[in-house]
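# with the input below, show me the fold.
(2 chains, ligands or ions: 2)
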Amino acid sequence: MYAYDEMDRTLVNERVSEFRDQVKRRLSGELTEDEFKMLRLMNGVYLQLHAYMLRVAIPYGTLSAPQLRKMAHVARKYDRGYGHFTTRQNIQFNWIKLSDLPDALEDLASVGIHAMQTSGNCVRNVTTDQWAGVAPGEVEDPRIWAELLRQYSTMHPEFTYLPRKFKIAITASDHDRAAIKVHDIGLRILNNEAGETGFEVLVGGGLGRTPFIGKVIKPFVHGRDILSYVESILRVYNQYGRRDNIYKARIKILVHELGIEKFAAEVEEEWQVTRESALQLDDEVVADIRARFRYPGYEALSDTPDELTAASADPQFTRWLKNSVAAHQQKGYAIVTLSLKPIGGPPGDATAEQMDAIADLAEKYSFGEIRVGHEQNLALPNVAKRDLPALWRQLDKLGLATPNVNLITDIIACPGLDYCSLANARAIPIAQELTRRFANHDLADMIGRLHINISGCINACGHHHVGHIGILGVEKNGEEFYQITIGGRADEGAVVGTLIGPAVPYDDVANVIEDIVESYLALRARPDELFVQTVERLGVEPFKERVYATR
Amino acid sequence: MTSPLQQKIKITGPSVVTANRTWDGIVVYRDGKRGWTPDLADAAIVRTADDARALLAESAADDVVAIGPYIAPVIVKDDGAIEPGNLRERIRRKGVTIDLPIPA
Ligand code: HEM
Ligand code: SF4
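Ligands and ions are numbered 1, 2, ... in the order given. Sure thing, here's the model as predicted:
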């Protein structure tokens, strides 16, 4: 966990009292909505279809038990008893009253949680691998660098009014769990030949109306130069980004229009000026941040404790173990994913009761730490293997042990037309129906890794472009229709999926997905050839034929 | 942002002006008495572009109580009952189409 200092706390508290005053002035009519909108957006407050929504940042996806309990409290006291975990390491409360918002933010501030950088055209909450600091084989804990970037970008005066929002993600593992290739800037930590830490820098990735996979702008930037390099990118973007057209304002469009070489040259020129500035990080600053991350006092434990051996006789436990438990850096420990994708449930929602219970379990079994991943699931990052059977029984009672992590029912979905004022079509009920169709865990296991991502409109908050199967809601003559893409992926081999044909109506979506899955099962070369690999090998034609043969 | 009043107004049938109430965000409709109501049955119905423009202008001027006013289609039944004219407005009126994790 990262220990915030006095300055952080003062900043967060000041921000809440400013907002309290702004809300008061808005409610009295002293501020018009036009004047107020920017102010509320700077504090994570959106207006949805039938309520305000508060989006709260979970920096690099790390939460302490008291922080999660406070979120449960906010859900219970000011909202409708639940919260929604999003794809960018945020939580959203969907029903909060403007008049309650200052109190809710004040309660959250008491545990160092805030809503800065969760909306508006600023550098958004920097995200990273939800397994940072515990994933085997990572170069180093990416949260150290996420924190440096957070401190650098928070309320940065020059970058508070960028042409458009700006998203940065960092990974330090070969397997990219942070989707860095679909971010405005993606950073991959690596060591150079001298063993020094640096970054491969990607730029111009993004989803939305015009999806792009990020391109490498520089293969190695030394750690000490990362802030100045990021600043140089932001400067060039700030200067040339299209402010005239919201659809063309993201950096991906600028990189595409200029071409990566030209863009890189501009950045390089800027960097020659900023490189030797105060932004250069000396080793002490980095060491200081590193020291503020507290790591658990791991014990020397067995990798094959008796408790685990005994429980392995239970097939339900072994299924969950295989599916939801991953290897840890420390011998005798494991990373446990908590599925927020129950069969028939809305993806990513957790009730206040569940949040409280997870906080208790984190304290009992995970050194008080919880993680939030971009697939809208949670994780307990530090579980002793001997505790896995006991933990599983408790998670199961709470509805948090659905053994579907990374399988077809582990669906990413945006709020869609049930909540979002920009939506064309609903996303959540489609996800719910699909989880019911594929509720049989044997079947899901047999299908193997398959990510379905659903967005309710072209803004692509549900990452449909990079779903192995992507579902995009569109509107046709007032009816909900859905375009289906296949072959997308969000990891180190990121690709944008290919559209298979005309959009299909709401009631037919689950049938179409069943057809696609059946074709895959018939076509795959081996049982371990993943769905995306089959699509890569054969293209979309065979799937298209099957889907549209009878439609 | 373009103000709603600068946008072209085109209506194809009976319409209302709807917005969200400022202090709590709930859905409200402009009534015929220069106020806002959460009840669609009490909303002012307009049937021509000119009337719609006038109602919208009046609504937009009343920025303290409700925000983001716009014109939305409605269906007026034979018995005079008013229903939202599209799915979005039905969801705004009735709430989400899914079961919430905690029943309201
Ligand atoms: C009130 C609800 C929301 C609104 C109004 C909203 C708005 C938007 C808009 C306008 C974009 C397109 C940005 C662009 O391309 O310039 C976008 C993209 C995105 N949003 Fe949302 N969003 C909402 C909820 C969410 C939720 C719930 C999530 C997470 C589940 C999310 C995560 C994202 C992501 C990951 C992208 C695409 C990545 C990118 O920035 O290119 N948003 N959102
Ligand atoms: S993708 Fe569209 S519908 Fe879904 S949350 Fe984003 S803006 Fe709303």
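
# can we go C-alpha only for contacts and neighbour counts from here?
Noted.

# pLDDT below threshold where in chain B?
Within chain B, the segments meeting pLDDT under 70 span B:1-7, B:104.

# all strands in the stretch 51-200 of chain A, in order from the N-terminus.
Assigned by DSSP state E, counting those that start in this stretch, the stretch 51-200 of chain A shows strands spanning A:52-57, A:62-64, A:82-85, A:90-96, A:127-128, A:168-171, A:185-191, A:197-203.

# adding mean pLDDT and distance to chain B, write the ones you listed out as CSV.
Shown next, in CSV, are these (pLDDT from 0 to 100; distance: least, Cα to the nearest Cα, whole Å):
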stretch, mean pLDDT, distance to chain B
strand A:52-57, 93, 5
strand A:62-64, 94, 22
strand A:82-85, 95, 7
strand A:90-96, 94, 7
strand A:127-128, 90, 27
strand A:168-171, 94, 27
strand A:185-191, 96, 28
strand A:197-203, 96, 28
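
# make CSV from those and add mean neighbour count and distance to ligand 2 to it.
Output for these, formatted as CSV (neighbours: other Cα atoms under 10 Å in any protein chain shown; distance: least, Cα to the nearest ligand atom, whole Å):
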stretch, mean neighbour count, distance to ligand 2
strand A:52-57, 26, 12
strand A:62-64, 21, 23
strand A:82-85, 24, 12
strand A:90-96, 24, 11
strand A:127-128, 33, 18
strand A:168-171, 28, 18
strand A:185-191, 25, 20
strand A:197-203, 22, 22
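
# my read: A:Asn125 touches A:Ala115, true?
No. Applying Cα atoms under 8 Å as the test, A:Asn125 and A:Ala115 come out as separate, 9.2 Å apart.

# state the helix or strand in which the residue nearest the centre of chain B lies.
Central residue of chain B (Cα atoms, centre = their mean): B:Thr18, 1.9 Å from the mean position. Using DSSP states H and E, B:Thr18 maps to strand B:15-21.

# quick one: list the elements packing against that strand.
strand B:27-30, helix B:49-61, strand B:66-76 (3 or more Cα pairs under 8 Å, 6 or more residues apart in numbering or on different chains; DSSP states H and E).

# now A:Gln354, what's its secondary structure?
helix (DSSP: H, G, I helix; E, B strand; the rest coil).

# ok, how many other residues are close to the closest residue to it other than its chain neighbours?
In this structure, A:Gln354 finds its nearest non-sequential neighbour in A:Leu398, 6.6 Å apart by Cα to Cα, 6 or more residues apart in numbering or on different chains. Using other Cα atoms under 10 Å in any protein chain shown, A:Leu398 is surrounded by 14 other residues.

# quick one on the thing from earlier: from the helices and strands packed on strand B:15-21, which stretch is densest packed?
Across these, averaging neighbours per residue (mean count of other Cα atoms under 10 Å in any protein chain shown) puts strand B:27-30 on top, at a mean of 26.

# can you name the residue of chain B nearest ligand 2?
When distances are taken as Cα to the nearest ligand atom, chain B reaches nearest to ligand 2 at B:Arg88, 11.6 Å away.

# one step back: so the residue nearest to A:Gln354 makes contact with A:Met355?
No. Applying Cα under 8 Å, one finds A:Leu398 not in contact with A:Met355, separated by 10.0 Å.

# what about the residue of the stretch 1-150 of chain A found nearest ligand 1, how many residues close to it?
Nearest to ligand 1, among the residues of the stretch 1-150 of chain A, is A:Thr86, at 3.6 Å (Cα to the nearest ligand atom). Counted with other Cα under 10 Å, the neighbours of A:Thr86 add up to 25.

# got CSV for the strands of the stretch 51-200 of chain A, with distance to A:Lys322 too?
Output for those, formatted as CSV (distance: least, Cα to Cα, whole Å):
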stretch, distance to A:Lys322
strand A:52-57, 31
strand A:62-64, 24
strand A:82-85, 24
strand A:90-96, 28
strand A:127-128, 24
strand A:168-171, 24
strand A:185-191, 28
strand A:197-203, 33
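
# which one, of these, ends up nearest to B:Thr48?
strand A:52-57 (31.5 Å; Cα to Cα).

# quick one: is that closest one near ligand 1?
No. Strand A:52-57 is not in contact with ligand 1 by Cα under 6 Å from any ligand atom; minimum separation 6.6 Å.

# list phi and psi for A:Leu47.
phi -110, psi 120 (degrees, to the nearest 10).

# with neighbour numbers in mind, choose between A:Asn125 and A:Ala115.
Taking neighbours as other Cα under 10 Å, A:Asn125 and A:Ala115 compare with A:Asn125 leading, 29 against 25.
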